[in-house]
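**Student:** Prediction below, plus the sequence it came from.
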Number of protein chains: 2
Amino acid sequence: MTDLLIRNLRPMGAAQTDMLIRKGRIVEIAAGIEAPDMHVEDAQGAIAIPGLVEAHTHLDKTMMGMGWYQNTVGTDLRSMIDNERAARTADRHDPHQQSMRHALALAGNGVTHIRSHVDVDTQNGLGAMEGVLRTREALRDVVEIEIVAFPQSGLMVRRGTAELLDEAMAMGGDLVGGLDPCGIDHDPKGHLDTIFALAEKHGKGIDIHLHEAGELGAFSMELILERTRALGMKGRVAISHAFCLGMPDWNRTEALLAALADLDVPILTTGAPSSAVPAVKRVLGAGIRMGAGCDGVLDTWNPWNRPDMLDRARIVAQKNNLRSDADLALVLGICSTGGAAVMGVSGHGVEVGCNADLALVSGSTLAEAVATGGPVALTVKAGRITGRAGKPVMEAP
Amino acid sequence: MTDLLIRNLRPMGAAQTDMLIRKGRIVEIAAGIEAPDMHVEDAQGAIAIPGLVEAHTHLDKTMMGMGWYQNTVGTDLRSMIDNERAARTADRHDPHQQSMRHALALAGNGVTHIRSHVDVDTQNGLGAMEGVLRTREALRDVVEIEIVAFPQSGLMVRRGTAELLDEAMAMGGDLVGGLDPCGIDHDPKGHLDTIFALAEKHGKGIDIHLHEAGELGAFSMELILERTRALGMKGRVAISHAFCLGMPDWNRTEALLAALADLDVPILTTGAPSSAVPAVKRVLGAGIRMGAGCDGVLDTWNPWNRPDMLDRARIVAQKNNLRSDADLALVLGICSTGGAAVMGVSGHGVEVGCNADLALVSGSTLAEAVATGGPVALTVKAGRITGRAGKPVMEAP
């Protein structure tokens, strides 16, 4: 079903109206649309927003449905990485099954697009890539998944990883990933030269995790920007986390923001509650594309994150001290159209001519939808109903 | 009903057992308790924890049930204070009705004890005090409420406020409140001398809001500590927020923590996501009592907060980067026994002889209860069931 008539929805919180969808596109928005024989859904006054976009997560990591993971790990990045790599093997973690569970949970919560980093390392090889590629295919009609081949365990510090990344891209990776060129890999030049070369070879973009804070992160960011410029990669390199943009020196970060804007490098944030993070309004004010994500969910890393972009919008708003209705709507925008812009999705909106990728959320205003959170009443992907009352329509394995 | 038999609960996550409650106290914990004619509840394997304690909130502020409040206010403290004072009058806000709604929502979510600040100012007078005092009386059997008479709009900057605070204490205030002696009142000596004098006059303690960050907050904190020592108020003065303890200078904050410990000054935190906050493990490590609260909920101040201490435990854990099962249990402790210790409640536990003040929460471990959140299956106050499946048993007005 890609034709659908939704009655009594409120586009972006405006007055109640009807919406006609044909062949996966919005063809009419008006009160009292006549369309006999169409499947009809009654939105009962819910707000229609563009489908939520989970723009930074790790579908291959979740332990959803595997019982509670008792976390006894430290909180330094290296322990968490090593612990996870070992746990994957020990727990017979099935990346296909797990990514299906995670992606479907997201679909139940209003998500129509996902960018997922997927681990590639010399211990578990390409198993996670294979699993998530299968999930991408299986959920083709439910949610669009972009895959970043991600050297989570390090690239230069683990010989053979670059070759695996190369294979992962050949298998169907959409972007080359990277990770803390100084902090984890201890060889920023080697790390960045390798991932930029892979991106060039495969004609793909880059999305790099940059947890490095303060001056160290700023240094790595400059190296990324330098290569983006030199290799003509404008608009094709994204930076996730970018904690260094939260450092106190305004002049220093202002120069970085100007360069990011100039080279059209988008920022993906999780609003990480315990770190300094890029300020949403400052990044947007600089004209930089910005998306958001929940990061890993119920995995070996942390117990708090949920596969829920309304929850994430609340977290990002809280972290940024954004309180007004207008500001909450802004954050919700980052979690839908913002992420879509980062992923290069066109026609993501609630207007005639747009893709019928929608989330119907509760509340009198967009801000109330963020504040009260789910469940999302209905998720629609290309005119198909993929989620209802916070649950995916398709059963997870 | 203050006698109750609860079957199949797991005290603090331990093995499943039964609990017998008589006259509001836990008298037996054992498997297969025989107690004919008792009312029996089946916990179905839920974890029993001591009742959750909301140790920093504002029952008089919420707009719950009054329709969505469209927030167009700035985020500086003064605008938020002035906006709220005006809104109370304009919106015919009924502090009794609103505090009933808020307190009952908390009871539905496992809360058995509340410390609430209540506004006292020259525009709205003692109306909020009267309303919350009525609520305290009406909910005597549901939840224990401690009231802090709180000069939200300033004390020295609004002539007549001190006299109102004096009246509020005579009416039944449990503690004298205070607020940013420098930042808001611009007269730290005047502010602190006034509230300490009121506390002495009424033989009550103090709980002061200290949002002031960095050196300014440290200065105010020193003035508070100086008076606490000089006036023999050890153990009777608490500080809420204490953002200055989140400042980077470790030596500076270490000295403050030592003094707080020496004078037994507890810290109440909300884990404020956009501010530097006191680190939970550091405060506890210094031997300082610590409780937590959700702060104001659905009011003119912010749209995010919920009347839900499991949600708050998650926020505090995220803010503190606490991820392990042990650390999440620690945070949950702050939200129950920690707050109880700050409020001077004795016998708050899940052991024979303790008060039958309990929350039954879902999850295989305490950490999972925090991570997955509500609804709380059952709230028990002195053996009475006050909440069920996240809803209060008593209907809110």
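**Tutor:** Arrived safely.
**Student:** list the contacts for A:R78?
**Tutor:** Contact analysis of A:R78 by CB atoms under 8 Å, 6 or more residues apart in numbering or on different chains lists A:I184. Where C-beta positions appear, they are placed from N, C-alpha and C, glycine not excepted.
**Student:** roughly how far apart are it and A:V143?
**Tutor:** 32 Å (CB to CB, to the nearest Å).
**Student:** What of A:A168?
**Tutor:** With CB to CB as the criterion, A:A168 and A:V143 are 21 Å apart.
**Student:** Which one of the two is surrounded by more residues?
**Tutor:** Ranked by neighbour count (other CB atoms under 10 Å in any protein chain shown), A:A168 and A:V143 place A:A168 first, with 28 against 25.
**Student:** That one looks like it's in a strand, true?
**Tutor:** No. Using DSSP: H, G, I helix; E, B strand; the rest coil, the secondary structure at A:A168 is helix, not a strand.
**Student:** I'd say it and A:G127 touch.
**Tutor:** No. Using CB atoms under 8 Å, A:A168 makes no contact with A:G127, being 10.8 Å away.
**Student:** which of the residues in the lowest-mean-pLDDT helix or strand in chain A are buried?
**Tutor:** Sorted by mean pLDDT, DSSP states H and E, the helices and strands of chain A end with helix A:77-90, the least confident at a mean of 87. Applying a neighbour-count criterion of 16 or more other CB atoms under 10 Å in any protein chain shown, one finds A:L77, A:M80, A:I81, A:N83, A:E84, A:R85, A:A87, A:R88 buried in helix A:77-90.
**Student:** center of chain A - which residue?
**Tutor:** What sits nearest the mean C-alpha location of chain A, by CA atoms, centre = their mean, is A:A55, with 1.3 Å.
**Student:** what helix or strand does A:L9 sit in?
**Tutor:** strand A:4-11 (DSSP states H and E).
**Student:** Could you report the distance from A:E41 to A:V361?
**Tutor:** 14 Å.
**Student:** Those two: who's more crowded?
**Tutor:** Neighbours were counted for A:E41 and for A:V361 using other CB under 10 Å; A:V361 has more, 27 against 21.
**Student:** contacting residues for the spatially closest residue to that one that is not a sequence neighbour?
**Tutor:** In space, and not counting its chain neighbours, A:V361 is closest to A:A369: 4.1 Å by CB to CB, 6 or more residues apart in numbering or on different chains. Residues in contact with A:A369 (CB under 8 Å, 6+ apart) are A:I47, A:I49, A:L310, A:L332, A:V361, A:S362, A:G363.
**Student:** Ends of stretch A:106-125, what's the gap?
**Tutor:** Taking CA to CA, to the nearest Å, the first and last residues of stretch A:106-125 lie 26 Å apart.
**Student:** Please spell out which residues along it are buried.
**Tutor:** A:106-121, A:124.
**Student:** now stretch A:379-396
**Tutor:** A:379-388, A:390-394, A:396.
**Student:** ditto for stretch A:248-255
**Tutor:** By 16+ other CB under 10 Å, the buried positions in stretch A:248-255 come out as A:T253.
**Student:** Would you mind listing what in the stretch 151-300 of chain A touches chain B?
**Tutor:** For the stretch 151-300 of chain A, the contact set with chain B under CB under 8 Å from any CB of the partner chain comprises A:P273, A:S274, A:L298.
**Student:** out of those, which is most surrounded?
**Tutor:** Most surrounded of those: other CB under 10 Å gives A:L298, at 26 neighbours.
**Student:** what residues are up against that residue?
**Tutor:** Applying CB under 8 Å, 6+ apart to A:L298 gives the contacts A:T62, A:M63, A:M64, A:Y69, A:N305, A:R306, B:A371.
**Student:** Would you confirm that it belongs to a strand?
**Tutor:** No. Checked against three-state DSSP, A:L298 lies outside a strand; its state is coil.
**Student:** what's the neighbour count on A:V376?
**Tutor:** Around A:V376 there are 29 other residues, counting by other CB under 10 Å.
**Student:** got a list of what the closest residue to it other than its chain neighbours touches?
**Tutor:** Using CB to CB, 6+ apart and skipping the chain neighbours, the partner closest in space to A:V376 is A:G110 (3.8 Å). Taking CB under 8 Å, 6+ apart, we find A:G110 in contact with A:I49, A:G51, A:L52, A:M309, A:L310, A:A359, A:L360, A:V361, A:G374, A:V376, A:T379, A:G387.
**Student:** Using the three-state scheme, assign the first one.
**Tutor:** Pointing back at A:I49 there. strand.
**Student:** What's opposite it in the beta bridge?
**Tutor:** A:A359 (DSSP bridges).
**Student:** Now do the host helix or strand of A:E137: everything it contacts.
**Tutor:** In the assignment (DSSP H and E), A:E137 maps to helix A:127-138. With contact meaning CB under 8 Å, 6+ apart, helix A:127-138 is reached by A:59-60, A:88, A:94-100, A:103, A:116, A:118-120, A:145, A:147, A:149, A:168, A:171-173.
**Student:** Which among these count as buried?
**Tutor:** A:59-60, A:88, A:94-100, A:103, A:116, A:118-120, A:145, A:147, A:149, A:168, A:173.
**Student:** what ranges of the stretch 251-397 of chain A fall below the confidence cut-off?
**Tutor:** Within the stretch 251-397 of chain A, no range satisfies pLDDT under 70.
**Student:** That one: helices as residue ranges?
**Tutor:** Applying DSSP state H, counting those that start in this stretch to the stretch 251-397 of chain A gives helices spanning A:280-285, A:309-319, A:325-333, A:339-343, A:366-372.
**Student:** try the stretch 51-200 of chain A
**Tutor:** Using DSSP H, counting those that start in this stretch, helices in the stretch 51-200 of chain A cover A:77-90, A:95-108, A:127-138, A:161-171, A:188-202.
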